[in-house]
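Undergrad: quick one, fold the following:
(one chain, ligands or ions: 1)
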Amino acid sequence: MNTLDQAHCDACRADAPQVPEAELAGLLRQIPDWRIEVRDGVMQLERTFRCADFARALALANAVGAAAEAEGHHPALLVEWGALTVTWWTHKIRGLHRNDFIMAARTDALAATCEGIQ
Ligand SMILES: C[C@H](O)[C@H](O)[C@H]1CNC2=NC(N)=NC(=O)C2=N1
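TA: Numbers count the residues shown, from 1 in each chain. Sure thing, here's the model as predicted:
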């Protein structure tokens, strides 16, 4: 079975189902460094990466942005000196889709290739 970071996003439709509660725990176990945030009733996946400086936070943001463009699924990115906060959710369904877990795993894989990122 494909691991999450090797999977690709489905084109997400407005009537796509959110990840069922029963599947959340299993998916979260594959991205243990991410946390669930709920904002305006919308469940989101979020992780802050410690970076050596602003340039490395920006470099990781650009790498995640390129992956997002390739997959047609986009995060919120907060770039700060020394940190990048990445937040994934599916706007169309105002919640979490499997795509968000795929892209969180892909974000971890990208961060692992960037030096100066923890
Ligand atoms: C038209 C475009 O493909 C869609 O609006 C995509 C773009 N990227 C997206 N990204 C995220 N996170 N959620 C979406 O619903 C979404 N929709």
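Undergrad: for the rest of this, base every contact and every neighbour count on C-alpha atoms.
TA: Noted.
Undergrad: which residues sit in contact with the residue sitting nearest the centre point of the chain?
TA: The residue lying closest to the centre of the chain (C-alpha atoms, centre = their mean) is residue 104, at 3.0 Å. Residues in contact with residue 104 (C-alpha atoms under 8 Å, 6 or more residues apart in numbering) are 5, 31, 34, 45, 88.
Undergrad: in the helix or strand hosting it, what's buried?
TA: If you go by DSSP states H and E, residue 104 is part of helix 98-113. Buried residues in helix 98-113, counted by 16 or more other C-alpha atoms under 10 Å: 98-108, 110-111.
Undergrad: cool, and stretch 58-65?
TA: 58-61, 63-65.
Undergrad: and for stretch 13-32?
TA: For stretch 13-32, by 16+ other C-alpha under 10 Å, it's 19, 27-28, 30-31.
Undergrad: dump those residues to CSV, plus pLDDT.
TA: Shown next, in CSV, are those (pLDDT from 0 to 100):
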residue, pLDDT
19, 94
27, 96
28, 97
30, 96
31, 97
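Undergrad: let me know the closest of those residues to residue 40.
TA: Distances from residue 40 to those, taken as C-alpha to C-alpha, are shortest for residue 19 (17.8 Å).
Undergrad: the closest one against residue 96, yeah?
TA: Yes - in this structure residue 19 lies within contact range of residue 96 using C-alpha atoms under 8 Å: 5.9 Å.
Undergrad: export the helix or strand hosting residue 44 as PDB, just CAs?
TA: Here residue 44, judged by DSSP H and E, is contained in strand 42-50. Presented in PDB, the C-alpha positions along strand 42-50 are these (Å, rounded to 0.1, in the frame of the first residue of the first chain):
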ATOM      1  CA  VAL A  42     -13.100  23.900  10.500                       C
ATOM      2  CA  MET A  43     -10.700  21.000  11.400                       C
ATOM      3  CA  GLN A  44      -7.200  21.700  10.300                       C
ATOM      4  CA  LEU A  45      -3.800  19.900  10.400                       C
ATOM      5  CA  GLU A  46      -1.000  22.100  11.600                       C
ATOM      6  CA  ARG A  47       2.800  21.800  12.300                       C
ATOM      7  CA  THR A  48       5.500  24.400  13.000                       C
ATOM      8  CA  PHE A  49       8.900  23.600  11.700                       C
ATOM      9  CA  ARG A  50      11.900  25.200  13.600                       C
END
